[in-house]
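Q: I'll drop the sequence and a predicted model, then ask my questions.
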Amino acid sequence: MGNKTLDRREFLKIAGASVGGLLLTAGGAAAAESSKTGDGIKSVPNGYAMLYDATKCVGCRACQTACREANHTPPELDVTGNYDEPMDLSGDTWTLIKLYKDPSESSFVKKQCMHCIDPACVTACPLGALHITPEGAVAYHQDICFGCRYCMVACPFEVPRYQWRSVTPYIQKCDFCVSNGRLEHGETPACVVACPTGALKFGTRPELLSEAHERIKKETNTYVDHIFGEHEAGGTHALYLSAVPFEKLGFPKLNDTPYPAKITIPLDIGVPGIIVGMTTFATGTYFVTGRKEERTKKEETHDNDS
């Protein structure tokens, strides 16, 4: 911490102004729908997509490592402090290979953002921090986010994660390498490039759907007759093929209705209360810590005088 101390009166002014400004913003969120999707882009159903074929994945985690390197996220070390061994997606782990196994069958599965065509996270965000890019990826403006975490509640796939190691309220997730500039420069996402077995493929959504259907048609005894992401929640840009039923791999069972309609109203109503609650908590915390600091200073002054 620096030597500069924030005056309590200044703190209250800032907190009050923040509440007022955020309440006004939240109240106008419904009217400012276009800002929620970046440049007014509602959806890009024929944009870029990623096809993951679980039957070709060997669990090497090259995609997981490549994602870390491309996005400069620190490893989540195990108890020995030697191996990168995250148990779930997090603010530092945006791509994760997990293993499903029972006595009769097993399969690796890649966990990441699904990049929905009609994303619940984008609809739920009251300030437009999440948006759809022209390529179809769901990306994030960290300078707009104020940490309400509605995107985490809204997502049917439980993907956006909070970056707890930082004092700033950053939400983190896969964005098809938009934030590191790969997609903008015509490069394939880092995880796809790193995959040594061809389990990952990147292209347009129509192209990958066509290929996925062809694979199922040619190898009927290999694949479940279903492409996860083709219709779920209105469709996603992350598509999956598997030999194991998707429910066993941890995927939610969703119909083809876009998910945002189920979540928007209660979240929009709750925004003001969350903002006020967060600010009240911060103010209370400041007073408590401030009083402790004052007592400590008085004790130090008394000791010095003695």
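A: Looks like it arrived, so ask away.

Q: I'd like the next helix or strand past the strand or helix carrying residue 211.
A: Using DSSP states H and E, residue 211 sits in helix 205-218. Once the chain leaves helix 205-218, the next helix or strand it forms, by DSSP H and E, is strand 238-241.

Q: So which elements touch that next one?
A: Applying 3 or more Cβ pairs under 8 Å, 6 or more residues apart in numbering; DSSP states H and E, one finds that strand 238-241 makes contact with strand 48-53, helix 205-218. (Glycine included, C-beta is placed from N, CA and C.)

Q: and with 6 Å instead?
A: If contacts are counted by 3 or more Cβ pairs under 6 Å, 6 or more residues apart in numbering; DSSP states H and E, strand 238-241 sits against strand 48-53.

Q: now the strand it packs on against helix 205-218, angle please.
A: 20 degrees (axes from the mean of the first three to the mean of the last three Cα atoms, to 10 degrees).

Q: Pairing partners for strand 48-53, with directions?
A: Sheet pairing of strand 48-53 (DSSP bridges) gives strand 200-204 (antiparallel), strand 238-241 (parallel).

Q: Mind putting the ones you listed into CSV with distance to residue 174 and mean neighbour count?
A: CSV is the format used below for those (distance: least, Cβ to Cβ, whole Å; neighbours: other Cβ atoms under 10 Å):
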stretch, distance to residue 174, mean neighbour count
strand 200-204, 12, 18
strand 238-241, 8, 24
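
Q: JSON lines for the ones you listed, including distance to residue 142 and mean pLDDT?
A: Below are the strands paired with strand 48-53 laid out as JSON lines (distance: least, Cβ to Cβ, whole Å; pLDDT from 0 to 100):
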{"stretch": "strand 200-204", "distance to residue 142": "25", "mean pLDDT": "97"}
{"stretch": "strand 238-241", "distance to residue 142": "22", "mean pLDDT": "98"}
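
Q: Which of those sits closest to residue 211?
A: strand 200-204 (7.4 Å; Cβ to Cβ).

Q: List the contacts of the closest one.
A: 50-52, 188, 192 (Cβ atoms under 6 Å, 6 or more residues apart in numbering).

Q: Would you map out the domains in the chain?
A: The chain is divided into the following domains under automatic domain parsing: 8-28+273-301, 33-262.
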